[in-house]
Structures are given as structure tokens and as C-alpha cells.
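Visitor: 3D model of this:
(one chain, ligands or ions: 2)
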Amino acid sequence: MTAIGQNRYSSVAMIFHWLIAIAVIANWRIAEAAHHASKADEAFWMGQHKALGITILVLSVLRLLWRFANPVPAMPNTYAKWEKALARTVHVIFYVLLIGLPIGGWLGVSMLGGSIDMWGMFTLPGLPVGEAKDTGKAIIGLHKTGGEIMIYLIALHILGALKHTFWDKDGTLYKMLPFGTVKR
Ligand code: HEM
Ligand code: HEM
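Guide: Numbering: from 1, shown residues only. Ligands and ions are numbered 1, 2, ... in the order given. Predicted coordinates for the structure are as follows:
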């Protein structure tokens with residue numbers, strides 16, 4: 001009844017989901033830490049934020065490619081029409097932000113003349129856009145707003161998953177976990 005690949009996500013989709021979820025929440029906390037740090041520590045935390053952000057970009061592109069090639073479980077009929085539409089919209093916005101936020105961050109940093117140190121393994125150069133400090137700052141401003149929107153959507157997404165699992169008792173959470181019973 002709850003065979004993998006039928007009414008729950010595949011193990012690959014689960015691994016991508018939870019790895020990226022942890023990385024995004026960590027990257028948000030790292031950005032906050034940078035924001036409140038002393039000048040010397042700020043550079044360290046921003047370095048971590050950029051390298052982890054690019055890692056999230058790579059994982060998200062792989063996740064999307066994998067998703068295009070592999071079907072995902074249908075939403076159960078117990079969901080109201082508006083719930084299906086809301087869940088789908090939030091999922092699409094997540095993918096847009098998972099790709100758009102790091103690219104925007106990279107673009108903004110490039111226009112400010114920066115590059116990205118990938119934890120000492122190699123340096124990712126700035127995108128070939130030339131220096132444009134004002135535009136760069138504006139893009140980073142948009143990036144911050146996008147990041148904040150993502151946090152609110154994550155809260156909504158978690159509330160939705162918990163509401164379905166513990167209020168409607170339809171086992172939604174277990175669609176993304178390798179145990180438990182998912183109801184159709
Ligand atoms: C999915 C990946 C990412 C997420 C979720 C994310 C999220 C955020 C958030 C929420 C902030 C606002 C922090 C605050 O003001 O307290 C921020 C700031 C920033 N991010 Fe990202 N970011 C990501 C990737 C990147 C990447 C790849 C870069 C650059 C290569 C980058 C560069 C920056 C910069 C320069 C700031 C501004 C810091 C400041 O001036 O306070 N981000 N990011
Ligand atoms: C923190 C960042 C998170 C992001 C960016 C995220 C993103 C996503 C995305 C894009 C999907 C749709 C997957 C697809 O169909 O391709 C999804 C599904 C799901 N997520 Fe998350 N998620 C996050 C955190 C969480 C957390 C903390 C929970 C648990 C409370 C959770 C529970 C679920 C569940 C149960 C599904 C399947 C929903 C369904 O198909 O009805 N997610 N998530």
C-alpha cells in the first residue's frame with residue numbers, strides 16, 4: 001500500500017529534499033550570523049554563505065533534472081482544490097527561489113567585483129558582467145527580499161505538512177519519509 005514510487009516520493013527525491021532543506025535553513029542562519037557579526041567575522045560568515053549557496057544551486061539543478069525524468073506521486077483526492085493549488089504554487093516558487101537566489105547572489109557579488117571561494121577547493125570567478133556597483137547592490141537587495149520571502153514560505157510549507165499529517169491524518173509527511181503510512 002505504501003510502496004516507494006507509488007504514493008510516496010522516491011528515495012532520491014527524499015535525499016534531495018532533506019539535504020536541500022537543511023542547507024537552505026543553515027544558509028539563512030549563516031546570512032543572519034554574518035549580518036550581526038563584527039567586520040572580521042562577517043567576511044568569514046559571508047564566505048560560508050556564498051559557498052553553501054552555490055552548493056544549493058548545484059543540488060537544486062540536479063534535483064530538478066531528476067524530477068523532470070521521474071514522476072512524483074499525485075496529490076491525494078482528500079486535498080481540497082485550493083490546497084492542491086496552494087501546495088503546487090509554493091513548490092514551484094521554491095524551485096524558482098532555489099535556482100534564482102544563488103544566481104542572483106552570484107550576479108550581485110560579481111557586479112561588486114567579488115568571486116566565490118569554494119572552501120579552499122577552487123575559486124568560482126565572478127560572472128562576466130563587468131563592475132556595476134549600484135546595480136550589484138540593488139540585486140543583493142532583491143536577493144535579501146527573496147530570501148525573506150522564502151523563509152515565510154518555508155513556515156507555510158511546514159504548517160501545511162503538519163496540518164495534513166496531524167489534523168487531517170492523511171500521512172502527507174510520510175510521502176517525504178521512508179516510513180509511516182500514506183493515505184490516498
Ligand atoms: C539558496 C541559496 C541562498 C539563500 C537561501 C540565501 C539567503 C539570503 C538571505 C535570507 C539573506 C539576508 C540576510 C540578512 O540580511 O540578514 C542573504 C544575504 C546575502 N546573500 Fe544570500 N542566499 C543564498 C545564496 C547566496 C549566494 C550563492 C550568494 C553569492 C554568491 C549570496 C550572497 C548574499 C549577499 C552578498 C548577501 C547580503 C549580505 C548583507 O549585505 O547583509 N547568497 N542571502
Ligand atoms: C526548508 C526548506 C524546504 C524546502 C525548500 C522544501 C521544498 C519542497 C519542495 C520543492 C517540494 C515539492 C517536491 C516536488 O514535488 O518536486 C516539497 C515537498 C514536501 N515537503 Fe518540503 N521543503 C522544505 C522543508 C520541509 C520541511 C521542514 C518539511 C516537514 C515538516 C517538509 C515536508 C514536505 C512534504 C511532506 C512534501 C510532500 C508534499 C506533497 O507532495 O504533498 N518540507 N518540499
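Visitor: now the helix or strand hosting residue 102: buried residues?
Guide: Per DSSP states H and E, residue 102 falls inside helix 81-111. Neighbour counts over helix 81-111 (16 or more other C-beta atoms under 10 Å) mark 83, 87, 93-94, 97-102, 104-111 as buried. C-beta here means a position set from N, CA and C on the backbone, and glycine is covered the same way.
Visitor: ok, and the closest non-adjacent residue to residue 104?
Guide: residue 143 (4.6 Å; C-beta to C-beta, 6 or more residues apart in numbering).
Visitor: check contacts around the one you found.
Guide: 101, 104, 105, 108 (C-beta atoms under 8 Å, 6 or more residues apart in numbering).
Visitor: okay if I get those residues as a markdown table plus distance to residue 19?
Guide: Output for the contacts of residue 143, formatted as a markdown table (distance: C-beta to C-beta, whole Å):
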| residue | distance to residue 19 |
| --- | --- |
| 101 | 16 |
| 104 | 21 |
| 105 | 19 |
| 108 | 25 |
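Visitor: shouldn't residue 79 be in contact with residue 86?
Guide: No: under the criterion of C-beta atoms under 8 Å, residue 79 is not in contact with residue 86, lying 9.4 Å apart.
Visitor: near ligand 2, which residues of the chain are found?
Guide: Within reach of ligand 2 by C-beta under 6 Å from any ligand atom, the chain has these residues: 17, 20-21, 24-25, 67, 72, 75, 87, 91, 94-95, 154, 157-158, 161, 172-173, 175-176.
Visitor: if any of the residues you listed are buried, put those into a ChimeraX selection.
Guide: Listed next is the ChimeraX selection for buried residues among the residues of the chain next to ligand 2, using 16+ other C-beta under 10 Å:
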select :20,24,67,87,94,154,157,172,175,176
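Visitor: mind checking which of the residues of the chain next to ligand 2 are in helices?
Guide: When those are checked against helices (DSSP state H), the matches are 17, 20-21, 24-25, 67, 87, 91, 94-95, 154, 157-158, 161.
Visitor: return the member of those nearest to residue 57.
Guide: residue 20 (10.3 Å; C-beta to C-beta).
Visitor: below-threshold pLDDT in this protein: ranges please.
Guide: 1-5, 184 (pLDDT under 70).
Visitor: residues from it in reach of ligand 1?
Guide: 24, 27-28, 31-32, 35, 49-50, 53-54, 56, 98, 101-102, 105-106, 109, 116, 140, 143-144, 147-148, 150.
Visitor: list the contacts of stretch 47-62.
Guide: Taking C-beta under 8 Å, 6+ apart as the rule, stretch 47-62 contacts 16, 19-20, 23-24, 26-27, 30-31, 34, 95, 98-99, 101-103, 105-106, 109, 116-119, 124.
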